[in-house]
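Asker: next one to model:
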Amino acid sequence: MIDIETEYSLWLTLAEETEAFQQFRDVIVDLAATHEDAVIFEPHITVVGGIDGDRTAL
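Answerer: Predicted structure coming up:
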């Protein structure tokens, strides 16, 4: 069995049906449209990143 470790992050997110989510999403999409290689992503705040380990253990 191969033990695969991956890097994870803990995000704080908004419910998709909220007005705030839609407003942030619109801003992200609008800004991404102004840059050719921009990535569109879900609105979030990264609480902590770079967590290494097995997903089930975390």
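
Asker: partners of the longest strand anywhere in the chain in the sheet?
Answerer: The longest strand of the chain (DSSP state E) is strand 44-53. Using DSSP bridges, the strands paired with strand 44-53 in its sheet are strand 6-13 (antiparallel).

Asker: just checking, next helix/strand downstream of the strand it pairs with?
Answerer: For strand 6-13, the following helix or strand on the C-terminal side (DSSP states H and E) is helix 19-33.

Asker: chain center to that following helix: distance?
Answerer: 14 Å (Cα atoms, centre = their mean, to the nearest Å).

Asker: quick check: the residue nearest to L31 when sequence neighbours are not counted vs D30, distance?
Answerer: The shortest distance from L31 to any non-neighbouring residue, by Cβ to Cβ, 6 or more residues apart in numbering, is to A38 (6.9 Å). Using the backbone N, CA and C atoms, a C-beta is placed for each residue, glycine as well. As defined by Cβ to Cβ, to the nearest Å, A38 lies at a distance of 10 Å from D30.

Asker: who's more crowded, those two?
Answerer: A38 (12 against 9; other Cβ atoms under 10 Å).

Asker: please tell me how far the more buried one sits from I28.
Answerer: 9 Å.

Asker: could you do S9 as well?
Answerer: 17 Å.

Asker: out of these two, which sits in the busier spot?
Answerer: I28 (16 against 11).

Asker: that older thread, the residue nearest to L31 reaches A32, doesn't it?
Answerer: Yes. With contact defined as Cβ atoms under 8 Å, A38 counts as touching A32 (3.8 Å).
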